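**Student:** Quick one: sequence plus predicted model below, questions after.
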Amino acid sequence: MDIGLKRANRRFGGRRWNVVWPASFAIEGQIFPCTILDLSTTGARIEGYGLRAVSSATVLECEKFGALVTRVKWVRGGKAGLRFERPAAEIMGILHNVVPGMGRREAPPPAQPKRTAFGRRRLARAA
């Protein structure tokens, strides 16, 4: 179930880092154990029982980074997508020390090979 998003605009893009970390998720005063499957600077994907779509702010807590306020964006089966309430720059500051590879610069694009000329080659005529 998607909450407040049209189908075409569900993915926010950005790189995701796969992690498998135990965590807890608080929904309306109830705390459920869950597993964080991946993280990005904008949100997380979690797996667990008792997840449900709510429109109020929720809390994702993990011993690696502490507690972060989130909003549930979608729930399907036993998985849910969460969006962090803090700006991406703040999230990067919190997570870059605990997520392997997060915050490193992306590799530069590979150099383009030199294009070869196709067709007949014109030779200089001797005069």
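**Tutor:** Done, it's in.
**Student:** Please settle this for me: is Gly14 part of a strand?
**Tutor:** No - according to DSSP: H, G, I helix; E, B strand; the rest coil, Gly14 belongs to no strand; its state is coil.
**Student:** Show the contacting residues for it.
**Tutor:** By C-beta atoms under 8 Å, 6 or more residues apart in numbering, Gly14 lies in contact with 40-42, 88. The C-beta positions use only the backbone N, C-alpha and C, and glycine is treated the same way.
**Student:** Got a quick PyMOL command for the buried subset of these?
**Tutor:** A single PyMOL command selects the buried members of the contacts of Gly14 (16 or more other C-beta atoms under 10 Å):
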select buried, resi 40+41+42
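**Student:** Show me the strands in the chain, by range?
**Tutor:** Along the chain, the segments classed as strands by DSSP state E run 17-27, 30-39, 43-48, 58-62, 66-76, 79-84.
**Student:** any chance of those strands in a markdown table, plus mean pLDDT, mean neighbour count and distance to Val99?
**Tutor:** Below are the strands of the chain laid out as a markdown table (pLDDT from 0 to 100; neighbours: other C-beta atoms under 10 Å; distance: least, C-beta to C-beta, whole Å):
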| stretch | mean pLDDT | mean neighbour count | distance to Val99 |
| --- | --- | --- | --- |
| strand 17-27 | 92 | 16 | 5 |
| strand 30-39 | 93 | 17 | 6 |
| strand 43-48 | 94 | 21 | 11 |
| strand 58-62 | 93 | 18 | 11 |
| strand 66-76 | 93 | 17 | 13 |
| strand 79-84 | 93 | 21 | 13 |
